[in-house]
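Trainee: dropping the sequence and predicted coords here.
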There are 2 protein chains.
Amino acid sequence: MQLFYNPYIDHNTQQITFDKIESRHIVKVLRKKEGDEVFITNGKGLLFVSQIDIASDKKCLATIIRKEEKENERNYRLHVAIAPTKNIERLEWFLEKATEIGIDEITPILTQNSERKVIKKERLEKIIQSAMKQSLKFHLPKLNELITFNEFLNQESSENIYIAHCYDGKKELMKEVVEPKQEVTILIGPEGDFSPQEVSKSENANYTPISLGEARLRTETAALVAVQNVAFINQ
Amino acid sequence: MQLFYNPYIDHNTQQITFDKIESRHIVKVLRKKEGDEVFITNGKGLLFVSQIDIASDKKCLATIIRKEEKENERNYRLHVAIAPTKNIERLEWFLEKATEIGIDEITPILTQNSERKVIKKERLEKIIQSAMKQSLKFHLPKLNELITFNEFLNQESSENIYIAHCYDGKKELMKEVVEPKQEVTILIGPEGDFSPQEVSKSENANYTPISLGEARLRTETAALVAVQNVAFINQ
């Protein structure tokens, strides 16, 4: 099954037009003809089954013949705030893998030791969309705007909030503190880690410091390990 | 700490010569001078502390002044046999990440649905070496030659052997069957999964079929999830 993504279709949509790239893909690669079915999600939990009216490789047209509400397959909610990596490919890899495994929200954060201070949000969103389609999911993870660490601390207010850092001191292993079926938020620092001031600020904001284990992990690996740990705890 | 890798040094080595690339890195990037310390591992659990005798950017020379035996930080042994991905970068990512998290042995396997039938072993080894140095590990994961699925089944004889596949039928969740402090071997199939014949052959060879959860994962993601699950179970 090949899944397409279109954020603009909803319960009222009856007909759908594919853009040039999608149309070419449908006609030239998938070799679909008039009357064939094409599957589309709006990334908000709806799967639309459509039937091709016009199989043009420039502008494919289809009528929606059926729709299905798809519940989120996960019984938890996960939000990761991560300092974008200096080499953006590493963050991109994280976004792809986290989408496959299961994540709801990602906030890029600007920290004291951040070497990367800008991101191309649209490009990152495309990666998340591809991974969602590839892994046949119907809920698109939300990518937020880049904000500062302080802004993030001020806005976040869920109950299960964790910060992963590499300093010594009292830290809990994730497996000891994260419980299933919860709403969880995890902060992941940049290559140079959070600053001691950031760690202490987060503790004042009631974040629990956690350890991901003994291994020395890169930023994007740490973030993915955290995502998989939450998935594992919820199995 | 910057760690160098040299497989040829052992307990008897007294002096070490760095190659051109390493020498340039030591002198030009790390700006080391005569008398400064440089750290080297042989990937077999030994850390050598050396002192620079000649800080030449073409051929750096150092004398070993101290050595430390580094025990493996893990109390388990993990061997992953994986069908190389069509896009080799995906396998490379897996090798890097698995080395960071913790793995002992990797065997690339040729399966019925494998689209990639050759690998450049030397290039893959370089990636593993980089990841080992980066994550300050002193044990180099072993990368075996590419062999066929059948050859692998015939040679492998450890006790805790698992195959991850996507077919329906009786499968165990990893968290239900993998125990800590064990020697574990896990088979991961190609993009098109193992063939039904391969699955049944593995069952005859006493492999336990496992599920990695509900999510639909790419080959390299499945492999990494398996690696992190074993790490988590051993925490």
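Mentor: That came through, no problem.

Trainee: domains for chain A, by residue range?
Mentor: With domains defined by automatic domain parsing, chain A comprises A:3-69, A:77-233.

Trainee: the longest one and chain B, any residue contact?
Mentor: Meaning domain A:77-233. Yes: looking at domain A:77-233 against chain B by CB under 8 Å from any CB of the partner chain, the contacts come from A:93, A:97, A:100-102, A:134-137, A:173, A:175, A:213-218, A:221, A:224-225, A:228-229, A:231-232. Bear in mind the C-beta positions are built from the backbone N, C-alpha and C, glycine included.

Trainee: now do the end-to-end distance for that domain.
Mentor: From its first residue to its last, domain A:77-233 covers 12 Å (CA to CA, to the nearest Å).

Trainee: next step: the residues of domain A:77-233 next to chain B restricted to helices.
Mentor: Residues of the residues of domain A:77-233 next to chain B located in helices (DSSP state H): A:93, A:97, A:100-101, A:134, A:175, A:221, A:224-225, A:228-229, A:231-232.

Trainee: so among the residues you listed, which ones count as buried?
Mentor: Burial by neighbour count, 16 or more other CB atoms under 10 Å in any protein chain shown: within those this picks out A:93, A:97, A:100-101, A:134, A:221, A:224-225, A:228-229, A:231-232.

Trainee: coming back round to it: what's the most buried one of the domains of chain A?
Mentor: domain A:77-233 (a mean of 19; mean count of other CB atoms under 10 Å in any protein chain shown).

Trainee: mind listing the strands for chain A?
Mentor: For chain A, the strands defined by DSSP state E cover A:3-5, A:15-17, A:37-41, A:46-54, A:61-69, A:77-82, A:105-110, A:142-143, A:147-148, A:160-164, A:172-173, A:183-188, A:208-211.

Trainee: turn those strands into a markdown table, columns for mean pLDDT.
Mentor: Shown next, in a markdown table, are the strands of chain A (pLDDT from 0 to 100):
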| stretch | mean pLDDT |
| --- | --- |
| strand A:3-5 | 96 |
| strand A:15-17 | 94 |
| strand A:37-41 | 97 |
| strand A:46-54 | 96 |
| strand A:61-69 | 96 |
| strand A:77-82 | 97 |
| strand A:105-110 | 98 |
| strand A:142-143 | 98 |
| strand A:147-148 | 98 |
| strand A:160-164 | 96 |
| strand A:172-173 | 94 |
| strand A:183-188 | 97 |
| strand A:208-211 | 96 |
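
Trainee: grab the most central residue of chain A for me.
Mentor: Most central in chain A under CA atoms, centre = their mean is A:P141, positioned 3.9 Å from the mean C-alpha point.

Trainee: how about it: what's its closest non-neighbour residue?
Mentor: Leaving aside its sequence neighbours, A:P141 sits nearest to A:I103 (CB to CB, 6 or more residues apart in numbering or on different chains; 5.0 Å).

Trainee: quick revisit: what's the most distant pair in the ones in helices among the residues of domain A:77-233 next to chain B?
Mentor: A:Q134 and A:K175 (29.0 Å; CB to CB).

Trainee: what about A:T41, distance to chain B?
Mentor: A:T41 sits 14 Å away from chain B, going by CB to the nearest CB, to the nearest Å.

Trainee: who does that residue form a beta bridge with?
Mentor: A:Y5, A:L47 (DSSP bridges).

Trainee: ok, it - contacts?
Mentor: The contact partners of A:T41, taken as CB atoms under 8 Å, 6 or more residues apart in numbering or on different chains, are A:3-6, A:47-48, A:70, A:132-133, A:137-138.

Trainee: hmm, 10 Å instead?
Mentor: For A:T41, the contacting residues are A:3-7, A:9, A:47-48, A:67-68, A:70, A:129, A:132-133, A:136-140, by CB atoms under 10 Å, 6 or more residues apart in numbering or on different chains.

Trainee: how close does it sit to A:K70?
Mentor: Taking CB to CB, to the nearest Å as the measure, A:T41 falls 8 Å from A:K70.

Trainee: any common contacting residues for these two?
Mentor: By CB under 10 Å, 6+ apart, A:T41 and A:K70 have these common neighbours: A:47, A:136-139.

Trainee: how about the nearest residue to A:D57, chain neighbours excluded?
Mentor: Spatial nearest neighbour of A:D57, excluding adjacent residues (CB to CB, 6+ apart): A:V27 at 4.0 Å.

Trainee: how much space separates the one you found from chain B?
Mentor: Taken as CB to the nearest CB, the span from A:V27 to chain B is 24 Å.

Trainee: that residue touches A:L61, doesn't it?
Mentor: No: A:V27 is not in contact with A:L61 according to CB atoms under 10 Å; the separation is 11.4 Å.

Trainee: any shared contact partners between these two?
Mentor: Counting by CB under 10 Å, 6+ apart, the residues touching both A:V27 and A:L61 are A:18, A:52, A:54-55.

Trainee: so who does A:E105 touch?
Mentor: Neighbouring residues of A:E105 by CB under 10 Å, 6+ apart: A:77-81, A:141-144, A:185.

Trainee: got TSV for these, with distance to B:D193 too?
Mentor: As requested, the contacts of A:E105 are exported to TSV (distance: CB to CB, whole Å):
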residue	distance to B:D193
A:R77	30
A:L78	27
A:H79	32
A:V80	29
A:A81	35
A:P141	25
A:K142	31
A:L143	30
A:N144	35
A:T185	35
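
Trainee: so where is chain A shaky, pLDDT-wise?
Mentor: Residues of chain A meeting the criterion pLDDT under 70: none.

Trainee: distance of A:L30 relative to A:N6?
Mentor: A:L30 sits 16 Å away from A:N6, going by CB to CB.
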